[in-house]
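Undergrad: Give me a model of this one.
(2 chains)
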2 protein chains.
Amino acid sequence: MKLSDVDTPAVLIDVDRVEANLQRFQRYANGHRLAVRPHIKTHKLPRFAKRQIELGAVGITCQKLGEAEVMADAGITDIFLPYNIVGHAKLDRLVALNARIKIAVTADSDVAIHGLAEAFKNSTKPLVVLIECDTGMGRCGVQTPDEALALAKLVDGSDGLSFAGFMTFPKTGSIAQTEAFLSLAKKMARDAGLDPRIISNGGSPDMWRAHEVTSATEHRPGTYIYLDRFQVSKGVGTWDDCALTVLATVVSRPTENRAVIDAGSKALTSDTLGLEGFGRITDYPDAVITSLSEEHGVIDLGACASKPKVGDRLRVIPNHCCVVSNLFDEVILISGDEIIESARVAARGRVD
Amino acid sequence: MKLSDVDTPAVLIDVDRVEANLQRFQRYANGHRLAVRPHIKTHKLPRFAKRQIELGAVGITCQKLGEAEVMADAGITDIFLPYNIVGHAKLDRLVALNARIKIAVTADSDVAIHGLAEAFKNSTKPLVVLIECDTGMGRCGVQTPDEALALAKLVDGSDGLSFAGFMTFPKTGSIAQTEAFLSLAKKMARDAGLDPRIISNGGSPDMWRAHEVTSATEHRPGTYIYLDRFQVSKGVGTWDDCALTVLATVVSRPTENRAVIDAGSKALTSDTLGLEGFGRITDYPDAVITSLSEEHGVIDLGACASKPKVGDRLRVIPNHCCVVSNLFDEVILISGDEIIESARVAARGRVD
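TA: Sure, this is the predicted structure:
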């Protein structure tokens, strides 16, 4: 099959760019003696998880138990799940997963830790737990190093659990704040006789400054594999590094300056991440995707010298590639303009 | 299985509310002699499409060929696809579908019509085509009744195509404008000797005023089956009419006024539709879902008298239910607090 025969909308993944992106960050991390533990939420493909490990990653990160189960089934043996696992159904699945592979989770409350301890109290293999720290993101995580230490001690004192360190998903741009929190938590844990051997930092936007968080032992980049419009806006890479594009067809040209493509929020998602518009059209960089409904993307061509016509096919770099991966049952792997094969997005839709 | 055993996040569909919502609009439309042609993008479930027809709908509306194929496979025999079908791959599928069931499409350009005519020129069964009119929405559609007439004539003069009328997806609140456009296009077509027998109007926000568009012969409501936070904000129904909720678990309570649930943009979507926040929590109506990342929903409990704790389960009425249906492989049908069964969302992810 040729690219011109692919029906739209479709997700194209340029494997050469994937490989370059993976190698580039792995090299950087190696240079700084920082472990890489990629977040697979971006690609949800076992083949890329395996490639990340081949290139030197110490394991992978998943956000959902269901994603971890898919990756374990595919042969991945070291997974970090930086999430509070709450409720009997999930705890039972976590016990089963921990028996099969090396797994670690996070917790940020005594309630969550008590749940883990109860589930693992009779386990022959303890569950590895890191304490999640809110270093500025305003999402999950304890608010102070004092709280972090208290929960670390709670984990350490629980049969069936093994304390391993601290984790954060930082606010973009908050390097100093992140380092201050983590280094103090680490010192306090050591002073208390604990072994915070893993300090896990994350995120792609600040990944080229990951080494500035000197207390961190590992970094969890996700989007770095594909990059997207948001990451380029943050200077993480260039347009030519973006590996994921949505292929779409112009289905309507109702006015001089309006085009409508067959990629709407079901293909590009409504994520703006603070940007204006919903993606960058590679051949028409001055075009603005002004609004999306589910199956329509409305484009303002007012600033474009040349304009596409009905039937033309466009490639769009989305604002946020991770959420796009979750909308397609399969993606098409390409090298330049050559199709290699299509790949089922194995961990798509793993909601729980 | 009990509701308390359902793992989260999960989509719950209250079938009693579904039935009441469907009957209510069908009664209204019957009273106004307006045909109902529900848009199945909201539910993507053959069982509900069949029920809509049992209650009096003349057929269904799908937005994608893939959705129509799923519904045809399930036994639905009358489908309207209000979309420009462009490109060989889709045209071939449309020819095959037209041979199996009664199908109609829209077009809004000579390019699209030429494509249809070429694909159907040797068909023994002509393809029914309506002209899409932009009556204010600013998406697809011809801009004037004059253009509508010109394309109607082009369809009428094309072997293999059969002109049937005009279609619009109106801008919310633009009743008079919509009626003015459609009634003029209808008159001009009749005066030209054409038979615009179908005038198809759409949308749920203004559905209780559908009869005011007197030229319309049919209405295509979609969201009316479930309703959601946006529809309630528009007065289409009440919170007690909302049939779709996302069941989520509180996984973190990092601060006095912050809770985090395990439903993020992968469950609720980033659609705001102009609303503040990302959904209404039924038991905590004063809570505000302030931000979503893929697997986290961050909630501000500042205005709440009582506050949920880690492990509590909440039900969220999303801003936009249609996009939620597209994110889950299955939904759980309930009656009150009793689970009936889970249903596979057969037309989910039909991107093309």
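Undergrad: what residues does the stretch 101-250 of chain A put near chain B?
TA: A:108-109, A:111-112, A:115, A:134, A:138-143, A:249-250 (C-beta under 8 Å from any C-beta of the partner chain). For every residue, glycine as well, the C-beta is placed using N, CA and C.
Undergrad: In ChimeraX, how would I pick out whichever of those are buried, leaving the exposed ones unselected?
TA: A single ChimeraX command selects the buried members of these (16 or more other C-beta atoms under 10 Å in any protein chain shown):
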select /A:108,109,111,112,115,134,139,140,141,142,249,250
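Undergrad: Give me the subset of the residues of the stretch 101-250 of chain A next to chain B lying in helices.
TA: A:Val111, A:Ala112, A:Gly115 (DSSP state H).
Undergrad: Can you check the pLDDT for the second one?
TA: Right, A:Ala112. According to the prediction, A:Ala112 has pLDDT 98.
Undergrad: Same check on the last one?
TA: pLDDT for A:Gly115: 98.
Undergrad: That one touches A:Asp92, doesn't it?
TA: No: in this structure, A:Gly115 is not within contact of A:Asp92 by C-beta atoms under 8 Å, at 11.4 Å.
Undergrad: Which single one of the ones in helices among the residues of the stretch 101-250 of chain A next to chain B is nearest to B:Val260?
TA: A:Ala112 (11.2 Å; C-beta to C-beta).
Undergrad: Domain parsing of chain A, as residue ranges.
TA: A:3-10+A:235-344, A:15-225 (automatic domain parsing).
Undergrad: Take the ones you listed and lay them out in a markdown table including distance to B:Pro170.
TA: Below are these laid out as a markdown table (distance: least, C-beta to C-beta, whole Å):
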| stretch | distance to B:Pro170 |
| --- | --- |
| domain A:3-10+A:235-344 | 13 |
| domain A:15-225 | 38 |
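Undergrad: Those: which one's closest to B:Leu327?
TA: Of all the domains of chain A, it is domain A:3-10+A:235-344 that lies closest to B:Leu327, at 7.4 Å by C-beta to C-beta.
Undergrad: gap between the two ends of stretch A:221-232?
TA: Start-to-end span of stretch A:221-232 (C-alpha to C-alpha, to the nearest Å) is 15 Å.
Undergrad: for it, the distance to its chain's centre please.
TA: 9 Å (C-alpha atoms, centre = their mean, to the nearest Å).
Undergrad: swap in stretch A:221-238?
TA: The answer for stretch A:221-238 is 11 Å, by C-alpha atoms, centre = their mean.
Undergrad: and if you look at stretch A:81-98?
TA: 20 Å.
Undergrad: Please identify the buried residues of it?
TA: For stretch A:81-98, by 16+ other C-beta under 10 Å, it's A:81-87, A:90-91, A:93-95, A:97-98.
Undergrad: Please, where are all the strands along the stretch 151-300 of chain A?
TA: Taking DSSP state E, counting those that start in this stretch, the strands of the stretch 151-300 of chain A run over residues A:161-167, A:198-202, A:218-220, A:244-255, A:258-261, A:280-281, A:288-292, A:297-300.
Undergrad: okay if I get those as a markdown table plus distance to A:His32 and mean pLDDT?
TA: Formatted as a markdown table, the strands of the stretch 151-300 of chain A follow (distance: least, C-beta to C-beta, whole Å; pLDDT from 0 to 100):
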| stretch | distance to A:His32 | mean pLDDT |
| --- | --- | --- |
| strand A:161-167 | 18 | 98 |
| strand A:198-202 | 12 | 98 |
| strand A:218-220 | 9 | 98 |
| strand A:244-255 | 27 | 98 |
| strand A:258-261 | 42 | 98 |
| strand A:280-281 | 31 | 98 |
| strand A:288-292 | 37 | 98 |
| strand A:297-300 | 40 | 98 |
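Undergrad: So for B:Arg47, which of those strands sits nearest?
TA: B:Arg47 sits nearest to strand A:288-292 of all the strands of the stretch 151-300 of chain A, at 28.7 Å, using C-beta to C-beta.
Undergrad: What lies in contact with the closest one?
TA: A:264-265, A:268, A:270, A:276-279, A:281, A:297-300, A:302-303, A:316, B:138 (C-beta atoms under 8 Å, 6 or more residues apart in numbering or on different chains).
Undergrad: May I see the buried residues of that strand?
TA: Buried residues in strand A:288-292 (16+ other C-beta under 10 Å): A:Val288, A:Ile289, A:Ser291, A:Leu292.
Undergrad: do stretch A:252-269 as well
TA: Under 16+ other C-beta under 10 Å, the buried positions of stretch A:252-269 are A:252-254, A:258-269.
Undergrad: Tell me the one of those residues nearest chain B?
TA: Using C-beta to the nearest C-beta, A:Ser252 comes nearest to chain B of the buried residues of stretch A:252-269, at 4.2 Å.
Undergrad: residue contacts, that closest one?
TA: Per C-beta under 8 Å, 6+ apart, neighbours of A:Ser252: A:Arg258, A:Ala259, A:Val260, A:Val310, B:Asn84, B:Asp108, B:Ser109, B:Ala112, B:Arg139, B:Cys140, B:Gly141.
Undergrad: quick one: which of these is nearest B:Ser4?
TA: Taking the contacts of A:Ser252 together and measuring to B:Ser4 by C-beta to C-beta, the closest member is B:Arg139, at 43.2 Å.
Undergrad: from memory that closest one sits against B:Lys171, does it?
TA: No: using C-beta under 8 Å, B:Arg139 is not in contact with B:Lys171; the gap is 9.2 Å.
Undergrad: Nearest to chain B, out of the ones in helices among the residues of the stretch 101-250 of chain A next to chain B: which one, please.
TA: The closest of these, once distances to chain B are taken by C-beta to the nearest C-beta, is A:Val111, at 4.0 Å.
Undergrad: Test for you: state the pLDDT assigned to A:Leu91.
TA: Reported pLDDT for A:Leu91: 98.
Undergrad: Test my guess that it contacts A:Ile113.
TA: No: judged on C-beta under 8 Å, A:Leu91 makes no contact with A:Ile113 at a distance of 12.0 Å.
Undergrad: My guess is A:Glu330 contacts A:Glu341. True?
TA: No: with contact defined as C-beta under 8 Å, A:Glu330 does not count as touching A:Glu341 (9.8 Å).
Undergrad: Can you pick out the residue with more neighbours from the two?
TA: A side-by-side neighbour count of A:Glu330 and A:Glu341, using other C-beta atoms under 10 Å in any protein chain shown, places A:Glu330 first with 16 against 10.
Undergrad: List the contacts of the more buried one.
TA: Under the criterion of C-beta under 8 Å, 6+ apart, the contact list for A:Glu330 reads A:Ser342, A:Ala343, A:Arg344, A:Val345.
Undergrad: Can I get the buried part of those residues as one ChimeraX selection?
TA: The ChimeraX command for the buried members of the contacts of A:Glu330 (criterion: 16+ other C-beta under 10 Å) is given here:
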select /A:343,345
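Undergrad: And the furthest pair within the contacts of A:Glu330?
TA: A:Ser342 and A:Val345 (10.0 Å).
Undergrad: ok, back up a step: chain B next: which of the buried residues of stretch A:81-98 are close?
TA: Among these, chain B is touched by A:Tyr83, A:Asn84, A:Val86, A:Gly87, A:Lys90 when using C-beta under 8 Å from any C-beta.
Undergrad: of all these, which two lie farthest apart?
TA: Taking C-beta to C-beta as the measure, these have their most distant pair in A:Tyr83 and A:Gly87, spaced 11.9 Å apart.
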